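S.K.: have a look at this prediction, sequence included:
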Amino acid sequence: MKNIRDEAIVWVQLVTLIVIWVVILQVTQTPLQINAEAIKKLPDVVTVYMALYVLFTRWGWRLKIFRGWLVPFPDLTGTWKGALITTWKNPETGETPPPVDIRLVIRHYFNRISCVLYTAESMSWSTAATLYGNDDDAIQRLSYTYFNQPKAAVRDRSNISNGAAVFRIIEGKDRRLEGQYWTDRKTTGDVALTFRDRSTQEEALNT
């Protein structure tokens, strides 16, 4: 998963290195000119740059100042709540089950993202996840494959399965994820989630 714009990062790196170099020369009272004394400061420039890079990849990328022009995707970290509507029909009654309440916990880091989805009867966790988008239509999506493990008490009617989900990321006053899922049990459905808070603790799902 690449959470940075290639067309911007080269210029950002170049400008950052130059600014760091100038600041170090000023602090050490070294003349602002390319000579042997200035070149000797390059190791210090690299050290400061690497420190800033670590800070950026751990925390800085989440800042709104970088959003859009450098970091294309919003930070999705937190708990999302909503409902799952399956297209599956009970073969005995021909009826579709009612919507299922769900909680999705997302842990979003600079270069990776993980998703864990909870229902009253099962837990699913991502085996691979990525973000992608199209600048032309401003649509951004979260896509992941997952492993679903129902509770032992319901496995007579709900088997362990693998699946995939694709959600459209909708930013605004009410942050939402909307999309679809499908499984190797040949079931599909729609999912709608609303952002609740930044908690990623399992106990938060019980409230």
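M.R.: All right, it came through fine.

S.K.: what part of this protein, helix or strand, is modelled with the least confidence?
M.R.: When the helices and strands of the chain are compared on mean pLDDT, DSSP states H and E, helix 36-39 comes out lowest with a mean of 90.

S.K.: quick one: distance of the helix of greatest length in the chain to the chain centre.
M.R.: If you go by DSSP state H, the chain has its longest helix at helix 6-27. How far helix 6-27 lies from its chain's middle: 28 Å, per CA atoms, centre = their mean, to the nearest Å.

S.K.: name whatever forms a beta bridge with Ile169.
M.R.: Assessed by DSSP bridges, Ile169 has beta-bridge partners Gln140, Leu177.

S.K.: Phe73 is in contact with that one, correct?
M.R.: Yes - with contact defined as CB atoms under 8 Å, Ile169 reaches Phe73; the gap is 7.5 Å. Quick note: C-beta positions are derived from backbone N, CA and C, even for glycine.

S.K.: list residues touching both of these two?
M.R.: Shared contacts of Ile169 and Phe73, defined by CB atoms under 8 Å, 6 or more residues apart in numbering, are found at Leu131, Gln140.

S.K.: neighbour count winner among these two?
M.R.: Higher neighbour count among Ile169 and Phe73: Phe73, with 21 against 18, using other CB atoms under 10 Å.

S.K.: does the more buried one count as helix, strand or coil?
M.R.: Under DSSP: H, G, I helix; E, B strand; the rest coil, Phe73 falls in the coil class.

S.K.: relative to His108, how far out is it?
M.R.: Distance of Phe73 to His108, computed by CB to CB, to the nearest Å: 8 Å.
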